[in-house]
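J.: Provide a 3D model corresponding to the input given below.
(one chain, ligands or ions: 1)
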Amino acid sequence: MEIQTFNVAGIILLTPPRFGDERGYFSETFNAARMKEIGIPGPFVQDNHSLSRARGIVRGLHCQLSPHPQGKLVRCTRGSIWDVGVDIRAGSPTFGQWVGATLSEENGSQLWIPTGFLHGFCTLSENAEVQYKCTDYWDRDCERSVRWDDPLLAIDWPVTPKDAILSAKDADALPFSSVDDWFHM
Ligand SMILES: Cc1cn([C@H]2C[C@H](O)[C@@H](COP(=O)(O)OP(=O)(O)O[C@H]3O[C@H](C)C(=O)[C@H](O)[C@H]3O)O2)c(=O)[nH]c1=O
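T.: Numbers count the residues shown, from 1 in each chain. Next comes the predicted model:
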């Protein structure tokens with residue numbers, strides 16, 4: 001399995017092997033023991049699946065606060081997305097820094113985003129389907145949304161604010177300056 005880590009400690013980009021033959025391919029997309037070996041502890045309790053019909057849809061930046069913070073293991077099973085994690089762990093030397101990666105049906109890569117991070121993605125294709133495993137259950141009261149295009153984050157999104165397609169919730173998200181001590185290292 002290909003593994004990539006970043007200067008923002010905690011985020012892992014992994015690409016499980018695909019075994020191709022004349023029929024197509026087979027890939028083990030999740031193996032709890034292998035994930036633990038590479039530093040993705042789980043356990044995972046909820047699977048999510050979203051479909052975004054247009055290119056340029058931004059979902060995020062979201063997280064859940066205690067007592068239901070969520071780690072997420074994200075993959076794109078149709079089309080492609082640019083997936084982003086932002087370090088918001090108070091005291092982290094990389095607080096406010098972000099990592100972005102292209103996840104696609106073609107590359108089969110997955111991004112592990114631990115608790116203490118904001119998560120969001122921008123679709124790079126029409127009909128992008130994203131499936132992700134979460135380490136805790138959804139809890140509406142613990143959910144927070146932070147502005148995807150906050151200038152303090154300066155995330156290099158592949159879409160401009162003029163062209164981005166957002167939910168009403170994301171269009172009305174909190175500024176990054178409001179993220180102070182949501183999470184502690
Ligand atoms: C997240 C979630 C939502 N919902 C319901 C609530 C709404 O009625 C509907 C759409 O929710 P929302 O607009 O928050 O969906 P996204 O904008 O894709 O939110 C997600 O976007 C980013 C990328 C994330 O990492 C989070 O998992 C999540 O916040 O699904 C549920 O029933 N369960 C859930 O776990």
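J.: this structure: helices as residue ranges?
T.: Secondary structure of the chain (DSSP state H): helices at 32-37, 168-171.
J.: so where's the chain shaky on pLDDT?
T.: By pLDDT under 70, the chain contains no weakly predicted segment.
J.: how about the helices of the chain in JSON lines, adding mean neighbour count and distance to the ligand?
T.: From N, CA and C alone the C-beta is placed, and that goes for glycine too. Shown next, in JSON lines, are the helices of the chain (neighbours: other Cβ atoms under 10 Å; distance: least, Cβ to the nearest ligand atom, whole Å):
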{"stretch": "helix 32-37", "mean neighbour count": "12", "distance to the ligand": "18"}
{"stretch": "helix 168-171", "mean neighbour count": "13", "distance to the ligand": "6"}
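J.: of all these, which one is nearest residue 8?
T.: Taking Cβ to Cβ, helix 32-37 is the member of these nearest to residue 8, at 19.2 Å.
J.: what's the closest non-adjacent residue to residue 89?
T.: Spatially, and ignoring its direct neighbours in sequence, residue 89 is nearest to residue 116 (4.0 Å; Cβ to Cβ, 6 or more residues apart in numbering).
J.: give me every residue that touches whichever residue of the chain sits closest to the ligand.
T.: The ligand sits closest to residue 138 of the chain, with a gap of 3.0 Å, by Cβ to the nearest ligand atom. Contact analysis of residue 138 by Cβ atoms under 8 Å, 6 or more residues apart in numbering lists 46, 64, 68, 70.
J.: what subset of those residues is buried?
T.: Among these, the ones that count as buried by 16 or more other Cβ atoms under 10 Å are 64, 68, 70.
J.: among those, which are in strands?
T.: residue 64 (DSSP state E).
J.: now tabulate the buried ones among the contacts of residue 138 in a markdown table and tack on distance to residue 38.
T.: Converted to a markdown table, the buried ones among the contacts of residue 138 look like this (distance: Cβ to Cβ, whole Å):
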| residue | distance to residue 38 |
| --- | --- |
| 64 | 24 |
| 68 | 25 |
| 70 | 19 |
